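Novice: give me a 3D structure for the following:
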Amino acid sequence: MYIIVALSVFFSARADDEAQTELRLNPQIEESKALARENYPFIKLDANKISMNGADWSELRTRFAAARDSGELFSAVYLGDSHVQADFGGAVLRSRLAREARSAGRGLVIPFKLAGTNQPADYGIHLHSAYLSAKLLKMPWAVEMPFTGIGIQPTTAKARFEITSDEPFGLVRMHFRGDNPSVTSTRDLAMNRSVDFEYTDSTVILSRPTHRLLIEFDDADKTVFGGFELLNGNGGVLTHSIGNNGATYSSYANIDHFGPQIEALGADLVIVALGTNEAFGNTSEETLENDIDNLLEAMRRHNPKVNFLLVAPTECYRRTYRRRNGRRRATGTTVNTKAARMREVIRRYAEQNGIAFYDTYAIAGGSGSAAKMKAAKVLGADGVHFTAGGYRLWGSLLADAIIEELENEPTSKSPEN
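Specialist: Numbers count the residues shown, from 1 in each chain. This next block holds a predicted model:
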């Protein structure tokens, strides 16, 4: 009797996790406006600070100041899951950092739509040939996986990529696995004429900037494209968003050569916003700690001067189910208490390893905050993803905290958790 009950609970929990996989891999982000912060009284603005945990950002501050004052390049990578992929919050962070120290370009754009998943709205990538594709969480991968979590491999030697961006660009840097493809021609589609270019070190340098470019490649069938870095040729800040629906720390650590690939972005700061998906499924606290260590070590090994900022997940909901007449039916939602445990592992890891930490869980109000966020239309109907306005709110709050640390000398002890 006890064995039957135990097995029933086990398979019920397993079914719950499987049932929510579709929700986490293919989120439906609800549109909403980001209101003034006084409309969200549950947000703990006095807690909206980075806990430095002894991390030394003095050199990082110097490099950020140089981007602002001398036109040098400062690169930030915002790495995460579905909270990052849609880019509502990442766009705010990118805009705010660029406003402080000028923009060096749009940064990394990833061909999500070609792989059949949601893509940010400010750019487009089209491929005028047949291709194979791979997504980070859909295994086995049909092609080698680039560090972006998306891989596109043309099946013909000649291939033409059309790249559009709201922000003009004069340089296009390729990020790929496999052979470096030959660039045979470029065309400014906005002006409907060819444009002169140089091609060196995987970078196309245009004779003039554009919003819409057609690049023709040869030998492209030997290359898996992971993304294109769009730059304006000036100094300033680049903020690269890399998010994949359903991603975890282990998802990225499992990409072969993830460290040396991401090194190509020249990141000064890597903001890691993961942990929500670990709160669904069987990830233990010990496993999460090891996964954090593996991912950070993979990046640090090839870029020893990189600085990290770990971001905690907020409280969220999970669906509940029960079986009736042999069929599983949804009965409602309940707070996913495992999110608090995953947050604590990330917080403790950061504290013990001298890594900066941003506690969205505490800033949102801690236990009970999911209901308040949902009532305020910050958290969406599914109880896991934020609304578009919610993401913009969190992007703005994160930008405030990062800019405060980058522009001000540390005053005293980091705030208590």
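
Novice: C-alpha only now, for contacts and for neighbours.
Specialist: Will do.

Novice: off-centre distance for stretch 185-194?
Specialist: The chain centroid and the centroid of stretch 185-194 are separated by 31 Å under Cα atoms, centre = their mean, to the nearest Å.

Novice: I misspoke; the intended subject was stretch 140-156.
Specialist: Using Cα atoms, centre = their mean, the offset of stretch 140-156 from its chain centre is 18 Å.

Novice: in it, what's buried?
Specialist: 143-155 (16 or more other Cα atoms under 10 Å).

Novice: then stretch 179-196?
Specialist: In stretch 179-196, counting by 16+ other Cα under 10 Å, buried: N180, P181, V183, S185, T186, R187, D188, L189, V195.

Novice: and it, end to end?
Specialist: Terminal residues of stretch 179-196 lie 23 Å apart, using Cα to Cα, to the nearest Å.

Novice: chain center to it: distance?
Specialist: 29 Å.

Novice: where along the stretch 1-150 of the chain do the helices fall?
Specialist: 2-19, 21-25, 58-69, 82-85, 88-101 (DSSP state H, counting those that start in this stretch).

Novice: ok, of the ones you listed, where does mean pLDDT dip lowest?
Specialist: Across the helices of the stretch 1-150 of the chain, the stretch with the lowest average pLDDT is helix 2-19; it has a mean of 42.

Novice: for the protein, which spans come out with low pLDDT?
Specialist: 1-35, 321, 323-331, 409-417 (pLDDT under 70).

Novice: pop the domain breakdown of it in here.
Specialist: 1-104+235-417, 107-233 (automatic domain parsing).

Novice: look through this structure and tell me its longest helix.
Specialist: When the chain is parsed with DSSP state H, its longest helix is helix 388-407.

Novice: got the angle between that one and helix 88-101?
Specialist: Here helix 388-407 points in a direction 30 degrees away from that of helix 88-101 (axes from the mean of the first three to the mean of the last three Cα atoms, to 10 degrees).

Novice: for P260, what are its contacts?
Specialist: M299, H302 (Cα atoms under 8 Å, 6 or more residues apart in numbering).

Novice: so it: helix, strand or coil?
Specialist: helix (DSSP: H, G, I helix; E, B strand; the rest coil).

Novice: from T164, how far out is it?
Specialist: Relative to T164, and taking Cα to Cα, P260 is found at 28 Å.

Novice: likewise A47?
Specialist: To T164, A47 is 39 Å away according to Cα to Cα.

Novice: out of these two, which sits in the busier spot?
Specialist: Between A47 and T164, counted using other Cα atoms under 10 Å, the more crowded position is T164 (22 against 19).

Novice: assign a three-state SS to the more buried one, would you?
Specialist: Per three-state DSSP, T164 ends up strand.

Novice: that one against P120, yeah?
Specialist: No: using Cα atoms under 8 Å, T164 makes no contact with P120, being 11.9 Å away.

Novice: give the contact list for E285.
Specialist: Taking Cα under 8 Å, 6+ apart, one finds R341, M342, V345 in contact with E285.

Novice: ok, it to E344 distance?
Specialist: For E285 relative to E344 (Cα to Cα), the value is 9 Å.

Novice: check G354 too.
Specialist: 15 Å.

Novice: for Y358, same thing?
Specialist: 12 Å.

Novice: also N290?
Specialist: Counting by Cα to Cα, the gap from N290 to E344 is 14 Å.

Novice: so for the two, which sits in the more crowded spot?
Specialist: Legend: neighbour count by other Cα under 10 Å for N290 and E344, higher for E344 (17 against 14).

Novice: quick one: contacts of the helix or strand hosting that one?
Specialist: Element membership for E344, per DSSP states H and E: helix 338-352. Identification of contacts with helix 338-352 by Cα under 8 Å, 6+ apart yields 53, 275-276, 278-280, 285, 288-289, 292, 310-316, 355-357, 359, 361.

Novice: so of these, which ones are in strands?
Specialist: L310, V311, A356, F357 (DSSP state E).

Novice: quick one: the third one and L310 touch, right?
Specialist: Yes: judged on Cα under 8 Å, A356 makes contact with L310 at a distance of 6.4 Å.

Novice: ok, the residue lying closest to R392 once chain neighbours are set aside - contacts?
Specialist: Using Cα to Cα, 6 or more residues apart in numbering and skipping residues adjacent in sequence, the residue nearest R392 is G89, 4.5 Å away. Applying Cα under 8 Å, 6+ apart, we find G89 in contact with H83, Y391, R392, L393, W394, G395, S396.
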